[in-house]
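S.K.: Generate coordinates for the sequence data below:
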Amino acid sequence: MTAAENVCYTLINVASDSEPPSEVSLKTDLEKGEIKAKTEALKKVIIMILNGEKLPGLLMTIIRFVLPLQDHTIKKLLLVFWEIVPKTTPDGKLLQEMILVCDAYRKDLQHPNEFIRGSTLRFLCKLKESELLEPLMPAIRACLEHRHSYVRRNAVLAIYTIYRNFEHLIPDAPELIHDFLVNEKDASCKRNAFMMLIHADQDRALDYLSTCIDQVHTFGDILQLVIVELIYKVCHANPSERARFIRCIYNLLQSSSPAVKYEAAGTLVTLSSAPTAIKAAAQCYIDLIIKESDNNVKLIVLDRLIELKDHPTHERVLQDLVMDILRVLSTPDLEVRKKTLQLALDLVSSRNVEELVIVLKKEVIKTNNVTEHEDTDKYRQLLVRTLHSCSVRFPDMAANVIPVLMEFLSDTNEAAAADVLEFVREAIQRFDSLRPLIIEKMLEVFHAIKTVKIYRGALWILGEYCSTKEDIQSVMTEVRRSLGEIPIVENEIKKETGELKPEDEVSAAPAQKLVTEMGTYVTQSALSSSRPSKKEEDRPPLRGFLMDGDFFVAASLATTLTKLALRYVSIVQDKKKQNSFVAEAMLIMVTVLHLGKSSLPKKPITDDDVDRISLCLKVLSECSPLMNDIFNKECRRSLSHMLTVRLEEEKLSQKKESEKRNVTVQADDPISFMQLTAKNEMTSKEDQFQLSLLAAMGNTQRKEAADPLASKLNKVTQLTGFSDPVYAEAYVHVNQYDIVLDVLVVNQTSDTLQNCTLELATLGDLKLVEKPSPLTLAPHDFANIKANVKVASTENGIIFGNIVYDVSGAASDRNCVVLSDIHIDIMDYIQPASCTDAEFRQMWAEFEWENKVTVNTNITDLNEYLQHILKSTNMKCLTPEKALSGFCGFMAANLYARSIFGEDALANVSIEKPIHLGPDAPVTGHIRIRAKSQGMALSLGDKINLSQKKANI
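M.R.: Residues are numbered from 1 along each chain as shown. From the prediction side, this is the model:
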């Protein structure tokens, strides 16, 4: 075993800039100094030994001058000193001086002070020399009867570790501890004793538990936790014992300790799949989430509930608890609320959907009354989306939900209002019976809408679905009310009379860049007319939008008016009324065009909007049947088609999800015997305590590639050449935030290499945790050195360094072998993720770092290239499969991924197949990557550059 891998129990921080003291000065301080000087000298000795110094000359000095002292600080430091000091000669025999030390500790075990006794017993747990422990056994046994619980519980621990390491020293330990446990009253002592029996003699532990199984709920929480562990292990190994202990687990669900309740619920679920057991465990989890204040605890317990829901037989039980689960919404944390709503939505059924909708409506109304907080808007959005999903799955609920949600169209938060609008659009198309109600509510809130995007959507819905004469006239009235007095230009000039300057100041504002849904850029005209600022509260909403230069809403208004006018003409037979309505619609469009061409708005009207309004005027002046058909039928057909496709996609994803969950067993499936089951198949049979311990230590067994050895060899990096005096190679093991370098060092010379040290340094967001210890390598010997590196963010890191060593007997300077760089692969931190189109566009607009990568590959097929990029970058394609199918020589796709550090990475792939260069021409185009941090954008770009060049297909 190398020095670096010696068992270590005590970690001591060392100031790196301190000068190492000489052995002579330390000896003087230890012999003749005061207590304070001796304490400081002893600390320095400990630090020097930890740094690899031997200091054999000081051992007898410390035994003679320091060991007899009664000072508590010195006694504590001595325990650390004896733990780390070498206790054997090079040939493995115990040093003679240690007999004196052993006698000193026998006296400490009989010391009247309980702290000294207890700390000495704790120290004995760390000793690995049976010759030292043997004389101390009677004194350790005697400590079991000490009056103070601190001494007794440490005596139990000492007996347990000695029994586990050297059973011959105390062969009757289980019996001794069982007798001690029966008579003990202190909770911590009982817990230690019971834990020893679990691991040393399980039968005795079960005998004790059987005698006091009815009193378990009165025990302290630390003992209850150990009892839960024992019951789990016994029932896991021997399922026939379940009936004996399941009542005890039910009792522990009522424990006052949250930790006990959590463990008991987890154990109950693994022991029994009866509906009563699942319900009790789920109820316990829900109580824990509500009562615990820590959000991390809430999220962990919610994950356990979600795991329960994923089991097909348990889902039915959880459906009855949906209303209890919704109590968790009282938590202010958005992440907890998000998970809770998703869980409730997965569990909702026709039996409880009505109650669910009532609770969600109350929550939506509550968000209106609370003071604005950044999470309130997001929470309102979540609630709207959940209600939307409920209404789509259960159409009967839509009539209850719509009136409440329509109020939020006038909300200042555009995202929440956009979600409501999307829901209303889907509802009005799907549910014919609700159309009158929706139009009535829409006309009520229309004047109060504050954001232009929502206004456009509302105009479209009113224009598309108003089918009666009264509704059409109501919309026209609302439009006139929103527009104010017309003609607009004359009205505005009248208002500004006296304030208007003789010359308009025309200034160039910075060009505004917009991003379309395809991820491409659109640049707006930068010329704008700056006017004296005027109070604008008195302006009606639509006029306000137009005066701000937003003429896209004018194009939308023109389309709506055209639809309404065409429909009005088909409904009303009176020619005079027809002409009057059409003329009014045309007047509104013309006055808007006039305003756009004037210098009054902040930005002039764009050519596209002029074309659209002009087209609408032409359609109204001619009133051809073809245009009537396009405006009044084709638009609705397009929406209907889009909603149908979306519904099909949702059904398909739900079907895939349910197929995953429904475990079907075929008649000819092989029967699995537990004794013959391979390790990777024992998912439900594995010891959960062992798994959680392995996960904490970072030893979780990941699903490796088809050949695990091959995948491990892929991560081996050669650091030096075969002709170098020292050959080195490293296996890079990445475990979330930690990187472990396992470096194999081989001495290829015939000399002994002394102080062979691996010196490492890092570049990027990597930090070396500890310096590897120096080694001595015999001729042609080899050793493994481990180094830990912490990772702070997702970017390509480089580890570089060298190996330095002295040759035994040589007078020259230290020799040095420079190592090759180790590049840390960013792909170990990136995981595929999904988000909505709106979220993608919002992040695309917000992220400031962009990296544009030119496609340079020999792949000739567009789809093949996209799949290759997805595979090599771990990203997920957000563009639906239908949008990518077919061949048109061009492809655009959006990709998304998240790192384990919570960083988002977006990419837009725009590629084409240059047909004019022949069928074998490679794919060309660009990939634009956007991220919040520069490192992420650059690293992902480098990865794409490397992988697309490697492609040899």
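S.K.: Please identify the buried residues of the helix or strand hosting Glu263?
M.R.: Taking DSSP states H and E as the criterion, Glu263 maps to helix 258-271. Neighbour counts over helix 258-271 (16 or more other C-beta atoms under 10 Å) mark 258, 260-269, 271 as buried. C-beta coordinates here come from the backbone N, C-alpha and C atoms, glycine included.
S.K.: got the CA coordinates for that helix in PDB?
M.R.: The C-alpha coordinates for helix 258-271 follow below in PDB (Å, rounded to 0.1, in the frame of the first residue of the first chain):
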ATOM      1  CA  PRO A 258     -38.800  13.100  10.400                       C
ATOM      2  CA  ALA A 259     -35.800  11.000   9.600                       C
ATOM      3  CA  VAL A 260     -37.400   7.900  11.100                       C
ATOM      4  CA  LYS A 261     -40.700   8.500   9.300                       C
ATOM      5  CA  TYR A 262     -38.800   8.900   6.000                       C
ATOM      6  CA  GLU A 263     -36.800   5.700   6.400                       C
ATOM      7  CA  ALA A 264     -39.800   3.800   7.700                       C
ATOM      8  CA  ALA A 265     -41.900   4.800   4.700                       C
ATOM      9  CA  GLY A 266     -39.200   3.800   2.300                       C
ATOM     10  CA  THR A 267     -38.800   0.400   4.000                       C
ATOM     11  CA  LEU A 268     -42.600  -0.200   4.100                       C
ATOM     12  CA  VAL A 269     -42.800   0.300   0.300                       C
ATOM     13  CA  THR A 270     -40.000  -2.200  -0.300                       C
ATOM     14  CA  LEU A 271     -41.500  -4.800   2.100                       C
END
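S.K.: Residues touching that helix, excluding its own?
M.R.: 221, 224-225, 228-229, 231-232, 235-236, 242, 245-246, 249-250, 252-255, 277-278, 280-282, 284-285, 287-288, 291-292, 297, 301, 304, 308, 684, 688 (C-beta atoms under 8 Å, 6 or more residues apart in numbering).
S.K.: Look up how far Glu839 lies from the closest residue to Ile49 other than its chain neighbours.
M.R.: Spatial nearest neighbour of Ile49, chain neighbours left out: Ile84 (5.4 Å); criterion: C-beta to C-beta, 6 or more residues apart in numbering. Separation of Ile84 from Glu839 (C-beta to C-beta, to the nearest Å): 55 Å.
S.K.: if you count what's nearby, which of these two comes out ahead?
M.R.: Neighbours per residue, other C-beta atoms under 10 Å: of Ile84 and Glu839, the larger number sits with Ile84, 17 against 14.
S.K.: what are the phi and psi angles of that one?
M.R.: Torsion angles at Ile84 (phi, psi; degrees, to the nearest 10) stand at phi -100, psi -20.
S.K.: go on, Tyr727?
M.R.: The phi/psi pair for Tyr727 (degrees, to the nearest 10) is phi -100, psi 140.
S.K.: Who is it paired with across the strands?
M.R.: Val746 (DSSP bridges).
S.K.: That one touches Thr720, doesn't it?
M.R.: Yes - shown here, Tyr727 and Thr720 form a contact pair, counting by C-beta atoms under 8 Å, at 5.5 Å.
S.K.: what's around Lys882, how many residues?
M.R.: 10.
S.K.: Point me to the helix or strand that includes the residue lying closest to it once chain neighbours are set aside.
M.R.: In space, Lys882 comes closest to Val645 once its chain neighbours are excluded; the distance is 7.2 Å by C-beta to C-beta, 6+ apart. Val645 belongs to helix 635-661 when assigned by DSSP H and E.
S.K.: One more: Arg612?
M.R.: Following DSSP H and E, one finds Arg612 within helix 607-622.
S.K.: and that helix, what does it pack onto?
M.R.: Counting contacts by 3 or more C-beta pairs under 8 Å, 6 or more residues apart in numbering; DSSP states H and E, helix 607-622 is packed against helix 552-571, helix 575-597.
S.K.: hmm, back to that, was I right about the residue nearest to Lys882 contacting Glu881?
M.R.: No - contact between Val645 and Glu881 fails when scored by C-beta under 8 Å: they sit 11.4 Å apart.
S.K.: Helix, strand, or coil at Arg928?
M.R.: strand (DSSP: H, G, I helix; E, B strand; the rest coil).
S.K.: Identify the residues contacting it.
M.R.: 519, 850-853, 907-908, 910.
S.K.: what do you get if the cut-off is 6 Å, keeping everything else the same?
M.R.: 852, 908 (C-beta atoms under 6 Å, 6 or more residues apart in numbering).
S.K.: For it, give the beta-bridge partners.
M.R.: Bridge pairing for Arg928 - DSSP bridges - gives Lys852, Asn908.
S.K.: And it, how close does it get to Cys888?
M.R.: 21 Å.
S.K.: Number of residues surrounding Gly721?
M.R.: Around Gly721 there are 10 other residues, counting by other C-beta under 10 Å.
S.K.: circling back to that earlier point, what's the angle from the helix holding Arg612 to helix 575-597?
M.R.: 160 degrees (axes from the mean of the first three to the mean of the last three C-alpha atoms, to 10 degrees).
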